[in-house]
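**Q** This is a predicted model, with the sequence first.
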Amino acid sequence: MKTIILTFLVIFLSSCSKSEVVTLEKYNMFGEWEKTSVMYGFYNNFEGCEEIKNALLKKFPDSQYRCLPNNNPLASFVFKAF
């Protein structure tokens with residue numbers, strides 16, 4: 001019974017966030033925007049991304065970051081071997 005209640009609680013809480021998935025991107029030295037992370041699980045994913053972006057800009061003021069909507073977080077990562 002506890003498992004059923006916990007399952008319904010998790011489903012309910014995960015459906016409370018109506019915010020779309022957001023991708024944090026960094027402008028790299030090759031002049032391209034690269035996806036660095038995917039934001040989800042915040043009440044407002046865009047605001048969460050903006051907070052993280054601002055913290056990164058304080059730490060690395062010469063870098064450029066942006067937050068963009070992304071509806072498919074699994075397809076957003078491209079792993080490159082150098």
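**A** Everything's here; your move.

**Q** Let me see the ranges of the helices in this structure.
**A** Remark: helices assigned in the chain by DSSP state H are 2-16, 45-59.

**Q** Comparing those by mean pLDDT, which bottoms out?
**A** Sorting those by mean pLDDT places helix 2-16 lowest, at a mean of 47.

**Q** And for the closest residue to residue 27 other than its chain neighbours, the neighbour number?
**A** Spatial nearest neighbour of residue 27, excluding adjacent residues (CB to CB, 6 or more residues apart in numbering): residue 64 at 3.9 Å. Heads up, the C-betas are built off the backbone N, CA and C, glycines and all. Number of residues near residue 64 (other CB atoms under 10 Å) recorded here: 13.

**Q** so residue 64 sits right up against residue 29, yeah?
**A** No: taking contacts as CB atoms under 8 Å, residue 64 lies outside contact range of residue 29: 11.2 Å.

**Q** Outside of stretch 59-66 itself, which residues are in contact with it?
**A** Here stretch 59-66 makes contact (CB atoms under 8 Å, 6 or more residues apart in numbering) with 24, 25, 26, 27, 33, 36, 53, 56, 57.

**Q** May I have it as CSV, with CA atoms only?
**A** These are the backbone C-alpha positions of stretch 59-66, laid out as CSV (Å, rounded to 0.1, in the frame of the first residue of the first chain):
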residue,chain,number,x,y,z
LYS,A,59,32.8,32.6,-12.2
PHE,A,60,33.8,32.9,-15.9
PRO,A,61,33.1,36.5,-17.1
ASP,A,62,34.7,36.1,-20.5
SER,A,63,32.4,33.2,-21.5
GLN,A,64,29.0,33.4,-23.2
TYR,A,65,26.1,31.2,-22.1
ARG,A,66,22.4,31.0,-23.2
